[in-house]
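**Student:** What shape does this take:
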Amino acid sequence: MEPEVDFTNATWRKSSRSSASGPDCVEIALAPRAAGVRDSKNPSGPVLGFDGAAWGRFLGATKLGGFDLT
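**Tutor:** Reported below is the predicted structural model:
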């Protein structure tokens, strides 16, 4: 099991496709060998952590439309 990643001082980024006031925005932060995802409306809330391999698979599936809702 990988040690927990500390995202306390991470730089969080929101997608350029997110609106400034949109209710459904997430932010990501990258750390060595990990990525974190959080709800932009609740920056002090929980962070979903992904190791590098899982994050790569998620990005690949996203780019192929694997999570499209339409």
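
**Student:** Wasn't Gly60 part of a helix?
**Tutor:** Yes - counting by DSSP: H, G, I helix; E, B strand; the rest coil, Gly60 is located in a helix.

**Student:** What ranges does the chain have for its strands?
**Tutor:** Ranges of strands in the chain, per DSSP state E, are 13-14, 26-31, 34-39, 48-51.

**Student:** right, so of these, which gets closest to Asp68?
**Tutor:** strand 26-31 (16.0 Å; Cβ to Cβ). Heads up, the C-betas are built off the backbone N, CA and C, glycines and all.

**Student:** could you dump the closest one to PDB, C-alpha only?
**Tutor:** Provided in PDB are the C-alpha atoms of strand 26-31 (Å, rounded to 0.1, in the frame of the first residue of the first chain):
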ATOM      1  CA  VAL A  26     -13.900  19.600  -9.500                       C
ATOM      2  CA  GLU A  27     -10.200  20.600  -9.000                       C
ATOM      3  CA  ILE A  28      -7.100  18.500  -9.400                       C
ATOM      4  CA  ALA A  29      -3.700  18.700  -7.900                       C
ATOM      5  CA  LEU A  30      -0.600  16.800  -9.000                       C
ATOM      6  CA  ALA A  31       2.000  15.400  -6.600                       C
END
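
**Student:** what's that strand packed up against?
**Tutor:** If you count contacts as 3 or more Cβ pairs under 8 Å, 6 or more residues apart in numbering; DSSP states H and E, strand 26-31 packs onto strand 13-14, strand 34-39.

**Student:** Kindly recompute the last result at 10 Å.
**Tutor:** strand 13-14, strand 34-39, strand 48-51, helix 52-63 (3 or more Cβ pairs under 10 Å, 6 or more residues apart in numbering; DSSP states H and E).

**Student:** Neighbouring strands of that strand in the sheet, and parallel or not?
**Tutor:** Applying DSSP bridges to the sheet, strand 26-31 is found paired with strand 13-14 (antiparallel), strand 34-39 (antiparallel).
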